[in-house]
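>>> have a look at this prediction, sequence included:
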Amino acid sequence: HSGDIVICMYGQEINDNEHSMYAVNVDNDDATLKCVKITNNGIQLIPINKDYKPMNFTVQDTLSGRIQIRGRVVEVRRKY
């Protein structure tokens, strides 16, 4: 939600067996929070908001730096 504070563990490896959120940069843009799924062709970024569709990226996209996994979300803080 807008105004939330997200705490990430920097540099965490992707664990495809758990449903964790990760801070991800796409095309050097601002970080976004996505669930990351490893596929045969690369990775899939799955949004938490169901109004958006998953984004698929190739292995080459990850090797070129187009996709950068910054860290795994470990905590979300929200004020009411």
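All right, it came through fine. Residues are numbered from 1 along each chain as shown.
>>> pull up the pairing partners for the lengthiest strand in the chain, direction included.
In the chain, taking DSSP state E as the definition, the longest strand is strand 67-77. Using DSSP bridges, strand 67-77 pairs in its sheet with strand 5-10 (antiparallel), strand 21-26 (antiparallel).
>>> what residues sit buried inside the first one?
So that's strand 5-10. For strand 5-10, burial by neighbour count (16 or more other Cβ atoms under 10 Å) applies to residue 8. The C-beta positions use only the backbone N, C-alpha and C, and glycine is treated the same way.
>>> likewise the last one?
For strand 21-26, burial by neighbour count (16+ other Cβ under 10 Å) applies to 21, 22, 23, 24, 26.
>>> so the first one makes contact with residue 73?
Yes. With the criterion set as Cβ atoms under 8 Å, residue 21 and residue 73 qualify as a contacting pair; they are 4.1 Å apart.
>>> intersection of neighbour lists for these two?
residue 33 (Cβ atoms under 8 Å, 6 or more residues apart in numbering).
>>> give me the element residue 34 is part of.
strand 32-38 (DSSP states H and E).
>>> now what about that strand, what contacts it?
6, 14, 16, 19-26, 43-48, 54-55, 69, 73.
>>> can you rerun that using 6 Å?
14, 16, 21, 22, 24, 43, 44, 45, 46, 47 (Cβ atoms under 6 Å, 6 or more residues apart in numbering).
>>> now, of these, which are buried?
For those, buried by 16+ other Cβ under 10 Å: 21, 22, 24, 43, 45, 46.
>>> for the residue lying closest to the fifth one once chain neighbours are set aside, give the beta-bridge partners.
Taking Cβ to Cβ, 6 or more residues apart in numbering, and ignoring the residues beside it in sequence, residue 45 has residue 34 as its nearest neighbour in space, at 4.0 Å. Taking DSSP bridges as the rule, residue 34 bridges to residue 22.
>>> what distance do you get for the closest residue to residue 53 other than its chain neighbours to residue 80?
Residue nearest to residue 53 in three dimensions, not counting chain neighbours: residue 47, with 7.6 Å by Cβ to Cβ, 6+ apart. According to Cβ to Cβ, to the nearest Å, residue 47 and residue 80 sit 24 Å apart.
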